[in-house]
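[1] structure for the following, please:
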Amino acid sequence: MQKKTELITNRDGSIFHLNLLPEDISRKIIIVGDPGRVDMLAPMFEEIRVRKENREFRTLTGTYEGTEITLISSGIGTDNIDILVNELDALVNIDLSTGEIKEEPESLTLIRLGTSGGLRGDIPVGSCVLTETAVGFDGLIHFYEGHDWILDTALASVLAEYLEWPDTLSFPYAVNGDRELIEMFGDGGFINGITISAPGFYAPQCRQLRLESFDSEINSKLAEFSFRGMPICNYEMESSAMYGLSKLLGHKALTICAVIGNRATGEFMNDYKPLVLDLAAKIMHLI
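    Numbering: from 1, shown residues only. Predicted coordinates:
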């Protein structure tokens, strides 16, 4: 039995932050950051049976090409992903009325459809990156028991040494995406590579307004790094936690991001709605 402060539900029995009941979600889930993107993609669905919202978590469940899919917004950052993945897992693997964990866990398919910034000159604005491995600069996964078994420690160690990573920051961690999903989406015309999940938008991604980053050259260093022949392609802010938590909980996870800015060239795409709509159609068709 879970304590009430561990597994929190609302008066209607829904899970606390997402405001969802177990029957509200599909086992195939597309995660976007912006709640407005849920509304933008809603017209693509043939039927919609669930619409719910709480805070930054906006949810829609319906059918696309005859397949039931849930579309949900996470907001920004790995802290929100911590809430989202744990509560989605609770919806399918814990009896919310008793707190009892189910004997035979179910596996969800989680696809993050995001936007990101390219780190290399050969990752053009308008392209899409499939994240084979997510490297977290955020530190979230270190709070979870057993995380050592799901990490690509060789990659993280080599990268930390290469960057001369300071002891004052959380040690980077690397998690590989689900191999089945990587192969499923392999013919989508995406650029495969490593993605950095940053714990912030400004200094953690080497942006400078009035405050400087700890390493003004880190972006160029990341752009020149590769491991096992795979380059670092882009920055975003969620995939490391999504990959790590999904592996620990037995779910399949993959991130595909539209590149709307290039940090090497300085190019930025202001109207990226058509690009996101096209990427959404590809993902929803293949999922």
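[2] use CA for all of it now, contacts and neighbours both
    Noted.
[3] so what does Cys206 have for phi and psi?
    When quoted as degrees, to the nearest 10, the phi and psi of Cys206 stand at phi 60, psi 40.
[4] next, the residue nearest to it when sequence neighbours are not counted: secondary structure please.
    Setting aside the residues directly before and after it, Cys206 is nearest to Ser213 in space (CA to CA, 6 or more residues apart in numbering), at 5.4 Å. For Ser213, the reduced secondary structure class is coil; criterion used: DSSP: H, G, I helix; E, B strand; the rest coil.
[5] against Lys282, how distant is Pro43?
    Relative to Lys282, Pro43 is positioned 15 Å away (criterion: CA to CA, to the nearest Å).
[6] compare these two and say which is more crowded by neighbours.
    The neighbour count for Pro43 versus Lys282, taken as other CA atoms under 10 Å, is higher for Lys282 (14 against 10).
[7] buried ones in the lengthiest helix in the chain?
    Among all segments of the chain classified by DSSP state H, the helix with the greatest residue count is helix 78-93. Neighbour-count burial for helix 78-93, counted by 16 or more other CA atoms under 10 Å, picks out 78-82, 84-85, 87-93.
[8] make JSON lines from those residues and add distance to Glu164 and pLDDT to it.
    Formatted as JSON lines, the buried residues of helix 78-93 follow (distance: CA to CA, whole Å; pLDDT from 0 to 100):
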{"residue": "Thr78", "distance to Glu164": "24", "pLDDT": "98"}
{"residue": "Asp79", "distance to Glu164": "26", "pLDDT": "98"}
{"residue": "Asn80", "distance to Glu164": "29", "pLDDT": "98"}
{"residue": "Ile81", "distance to Glu164": "28", "pLDDT": "98"}
{"residue": "Asp82", "distance to Glu164": "28", "pLDDT": "98"}
{"residue": "Leu84", "distance to Glu164": "33", "pLDDT": "98"}
{"residue": "Val85", "distance to Glu164": "32", "pLDDT": "98"}
{"residue": "Glu87", "distance to Glu164": "36", "pLDDT": "98"}
{"residue": "Leu88", "distance to Glu164": "37", "pLDDT": "98"}
{"residue": "Asp89", "distance to Glu164": "37", "pLDDT": "98"}
{"residue": "Ala90", "distance to Glu164": "39", "pLDDT": "98"}
{"residue": "Leu91", "distance to Glu164": "41", "pLDDT": "98"}
{"residue": "Val92", "distance to Glu164": "42", "pLDDT": "98"}
{"residue": "Asn93", "distance to Glu164": "41", "pLDDT": "98"}
